[in-house]
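[1] Got a predicted structure here, sequence first:
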Amino acid sequence: MAASTKVLVVDDSLTMRALISGALERIPGVEVVGLADGAAEARSMVASLKPHVMTLDVEMPGMSGIEYLAEIMDTKPMPVIMFSTRTTDGAGETIEALRLGAIDCLPKPRVAAPAELNAIIAKLGKRIKSARNAPVKVPKVASAARPIDWNGRLLVVGGDASSTASLFNLFGQFPPNCPPTIVVQHLGPGLVNGMVEKLGSQVAPKVVVAQEGMAIEQGTIYFAPQGDHHVVVDAWPSGKLRLLARDPVAGERPSISLLFAAAAKAAGSNAAGVLFLDSSEDGGGGLKAMLGAGGYAFAPAESGGGHTLSRGMVTQPVAADALAAGVLKLCSK
């Protein structure tokens with residue numbers, strides 16, 4: 001029988017501590033080992049209780065959750081799930097938490113209504129199950145590479161909230177004339193614009209939200225907007241972005257798999273994909289389509305460290321810190 005995943009709940013509100021811990025205790029295989037009212041109490045509990053995962057309030061008096069998260073990632077990295085009462089008006093804080101290495105940022109339950117708690121439990125259960133053994137992504141200071149002599153390859157990237165630190169690291173090493181890059185990142189409501197704004201302020205390429213009919217150009221990173229549409233590329237080279245009002249694929253809209261499959265169809269061997277999720281989730285089907293069309297695919301290594309670069313039946317390992325260099329080499333003459 002697998003050992004329980006031990007969780008420490010950190011929130012300055014007694015009511016919220018009770019709501020969140022109550023929701024956690026309804027998840028099979030999860031044990032709440034402690035409740036802390038702030039960073040000071042949490043530090044001692046981390047040392048004595050040795051939790052596997054922490055839930056942390058973004059807005060706390062004294063040391064904020066963002067400040068404490070930065071301390072955790074600097075001193076004793078561990079999987080952290082943030083909770084916030086703010087939605088779109090707090091997008092900047094949420095993206096910063098994800099950039100620092102939090103695996104997700106969820107809305108706080110406003111009331112103990114069954115429907116709201118059940119939704120939170122479903123999301124928490126999925127996150128905690130994957131968090132315990134997942135490598136913690138500590139942010140790195142990335143410096144832009146030298147300009148590339150682009151070979152015409154189209155790059156597509158897929159991830160979720162837990163991929164935020166990895167995306168900042170990857171794109172932080174891209175030069176201003178990076179390969180044209182299209183991204184589908186599954187984030188909470190209202191966060192894509194915040195991601196584009198913050199990322200764009202820290203990396204060399206231009207970062208924009210994808211729009212219908214946009215020309216796909218070198219030096220630009222396009223993020224799929226949240227909403228009722230998928231994002232695909234219609235042709236390659238000289239392609240344009242298209243927003244498709246279709247049903248969700250693999251439960252997601254926009255879908256990573258649909259973007260990857262469209263890139264494979266349009267660009268064939270001139271398509272390359274980077275997936276930051278397990279291939280059993282959204283994106284796995286798209287990777288297969290890309291490889292089947294003769295393209296290249298970077299996917300998480302089964303060992304949990306680094307990536308593998310595949311084309312057809314040929315696969316080679318790529319260390320986590322060599323991913324950006326590998327992508328740029330693949331997209332250069």
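    Arrived safely.
[2] what does the model give residue 12 for pLDDT?
    In the prediction, the pLDDT value recorded for residue 12 is 94.
[3] That one reaches residue 36, doesn't it?
    No - contact status for residue 12 versus residue 36: not in contact, 9.2 Å apart, counting by Cβ atoms under 8 Å. Where C-beta positions appear, they are placed from N, C-alpha and C, glycine not excepted.
[4] Look at the two and report which has more neighbours.
    Of the pair residue 12 and residue 36, residue 36 is the one with more neighbours under other Cβ atoms under 10 Å, namely 22 against 17.
[5] Tell me how far that one lies from residue 60.
    From residue 36 over to residue 60 the distance is 10 Å, taken as Cβ to Cβ, to the nearest Å.
[6] if I look at those two, which residues touch both of them?
    10, 11 (Cβ atoms under 8 Å, 6 or more residues apart in numbering).
[7] pLDDT weak spots in the chain?
    Applying pLDDT under 70 to the predicted model, the residue ranges of the chain that meet it are 1-2, 86-90, 111-114, 133-135, 137-141, 303-304.
[8] Find the nearest non-adjacent residue to the residue nearest in space to the middle of it, please.
    Centre of the chain computed as the mean C-alpha position; nearest residue by Cα atoms, centre = their mean is residue 163, 2.5 Å away. Distances taken as Cβ to Cβ, 6 or more residues apart in numbering put residue 276 closest to residue 163, at 3.8 Å, once the chain neighbours are dropped.
[9] which residues touch that neighbour?
    Residue 276 makes contacts with 157, 158, 159, 160, 162, 163, 166, 167, 300, as judged by Cβ under 8 Å, 6+ apart.
[10] The first one should be in a helix, yeah?
    I take that to be residue 157. No - the assignment for residue 157 is strand, going by DSSP: H, G, I helix; E, B strand; the rest coil, so no helix is present there.
[11] Please look at it and residue 180 and confirm they touch.
    No - using Cβ under 8 Å, residue 157 is not in contact with residue 180, being 11.4 Å away.
[12] okay, the two: which has more neighbours?
    Neighbours were tallied for residue 157 and for residue 180 using other Cβ under 10 Å; the higher tally belongs to residue 157 (28 against 24).
[13] Name the nearest residue to residue 254, ignoring sequence neighbours.
    Nearest residue to residue 254 in three dimensions, chain neighbours excluded: residue 224, at 4.2 Å (Cβ to Cβ, 6+ apart).
[14] List the buried residues of stretch 44-64.
    By neighbour count, with 16 or more other Cβ atoms under 10 Å as the criterion, the buried positions of stretch 44-64 are 45-46, 51-60, 63-64.
[15] The spatially closest residue to residue 246 that is not a sequence neighbour and residue 242: what is the separation?
    Taking Cβ to Cβ, 6+ apart, and ignoring the residues beside it in sequence, residue 246 has residue 230 as its nearest neighbour in space, at 5.7 Å. Summarising the geometry, the distance separating residue 230 from residue 242, computed by Cβ to Cβ, is 9 Å.
[16] All set, thanks.
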